[in-house]
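1. Sequence plus the predicted model coming up.
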Amino acid sequence: MSNLPDNAPPAVSPILPVQLGLDEKFQFRCRKGIACFNKCCENIDILLTPYDIVRLKNRLGISSREFIDSYTTDFAMDGQGTPGLKLATKTGSAACINLTPEGCGVYEDRPAACRYYALGLVSMRKKGSPTDEDSYFVVKEEHCLGHKEPVVQTVRDYRRDQGVDVYDDINREWRQIILKKRSSGPTVGRPSERSFELFFLASYDIDGLRDFVTSAGFHEVFELEPAFRQELMQDEVQLLKFGFRLLKQVLFGEQTISLRPDAAQKRSARYREHLAQRSAGRADDLADAQDKIYESLGD
Ligand code: SF4
Ligand code: SF4
């Protein structure tokens, strides 16, 4: 099972070259008891989205950092090295780490790619268009017998039944950021290490993002209403969406989060203090990582 149609299909592609719109129909059904049950989970290549990670780490009762360390592998999403995460496989095999003899061990919180299968999603922005357009493809792999089941449905109904529409709504801005980064390409130069660190934090490490947004340094730079701050602390979906806004502000200069008038001076003072601490050998790793990111916020 793979969710990589956002990239170019491989040379021998299982993707049928038929583009489907939301109200177009296709024949497919997956059900318990089908002869190929879980075959698709035995050879995976699944790119994780931010909301996938929130759902999975909560399901497993661990922090986002622990999830990243134990359940993912990293890869570069583009030629610039934008960090991506894939769902890990069992040691020495290509089977999903969540696969159990009874089936998927995280079924109610499975990633968007698992929900989509056997559809693939492609987002594209046409030249000159301000918005991207989604289209869908049927992915036909030999082992999958679901295509022989006599069930025909629209893409819209399938997405709703699988609960993937919710995932897409929450991840939409993140996918836009990736598309925009790709389309700007090398013309804007290679992004800084700090912007990659912020991308990783905002995309995958929601518990780290919460710590970051509640830190004194963040408060010195950004002006957030107390009630909104409180909401961010309590609602992970709102925090994710705030992280996407933060990314757009840092990467593309889309200013939607108010900076304090004296933010620049405070940032410089904080950075000087950080350098002094470091030379005295007192800065710890967390402060070091956070300070690097604060420095990039107004770049
Ligand atoms: S029908 Fe396809 S998606 Fe369903 S279990 Fe079989 S291989 Fe997997
Ligand atoms: S998360 Fe579940 S559905 Fe998705 S590949 Fe793993 S075992 Fe299969």
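-> Perfect, thanks for sending it. Numbers count the residues shown, from 1 in each chain. Ligands and ions are numbered 1, 2, ... in the order given.

2. CA atoms for contacts and neighbours, from now on please.
-> Fine.

3. residues in this protein within reach of ligand 1, list them.
-> With CA under 6 Å from any ligand atom as the criterion, the chain meets ligand 1 at residues 30, 36-40, 143-146.

4. Most neighbours out of the residues you listed, which is it?
-> Ranked by the number of neighbours (other CA atoms under 10 Å), the residues of the chain next to ligand 1 place residue 38 first, at 23 neighbours.

5. bridging residues for the closest residue to that one other than its chain neighbours?
-> Nearest non-adjacent residue to residue 38, counting by CA to CA, 6 or more residues apart in numbering: residue 103, 6.4 Å away. On the basis of DSSP bridges, residue 103 is bridged to residue 100.

6. Check the residue nearest in space to the middle of the chain and give its pLDDT.
-> In the chain, the residue lying closest to the centroid (CA atoms, centre = their mean) is residue 49, at 2.6 Å. With respect to pLDDT, residue 49 scores 98.

7. if I read this right, it contacts residue 171, doesn't it?
-> Yes. Here residue 49 reaches residue 171: they are 7.0 Å apart, a contact under CA atoms under 8 Å.

8. And residue 128, how far from residue 183?
-> 12 Å (CA to CA, to the nearest Å).

9. Tell me which of these two has more neighbours.
-> More neighbours surround residue 183 than the other of residue 128 and residue 183, with 12 against 6 (other CA under 10 Å).

10. Tell me the buried residues in whichever helix or strand the more buried one is part of?
-> Using DSSP states H and E, the element containing residue 183 is helix 164-184. By 16 or more other CA atoms under 10 Å, the buried positions in helix 164-184 come out as 164-165, 167-168, 170-171, 173-177, 179-181.

11. Downstream of that helix, the next helix or strand is which one?
-> helix 193-204.

12. Which positions in that following helix come out as buried?
-> For helix 193-204, using 16+ other CA under 10 Å, the buried residues are 194-204.

13. Need the CA coordinates for it. CSV is fine.
-> The C-alpha trace of helix 193-204 is given here as CSV (Å, rounded to 0.1, in the frame of the first residue of the first chain):
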residue,chain,number,x,y,z
GLU,A,193,18.2,24.6,8.8
ARG,A,194,16.1,26.7,11.2
SER,A,195,13.1,26.7,8.8
PHE,A,196,13.4,22.9,8.5
GLU,A,197,13.4,22.6,12.3
LEU,A,198,10.3,24.7,12.5
PHE,A,199,8.7,22.7,9.6
PHE,A,200,9.4,19.5,11.5
LEU,A,201,8.1,20.9,14.8
ALA,A,202,4.9,22.3,13.3
SER,A,203,4.3,19.3,11.1
TYR,A,204,5.0,16.3,13.3
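
14. counting contacts, what elements does that helix pack onto?
-> Secondary-structure packing of helix 193-204 (3 or more CA pairs under 8 Å, 6 or more residues apart in numbering; DSSP states H and E): helix 50-60, strand 83-87, helix 206-214, helix 236-252, helix 285-297.
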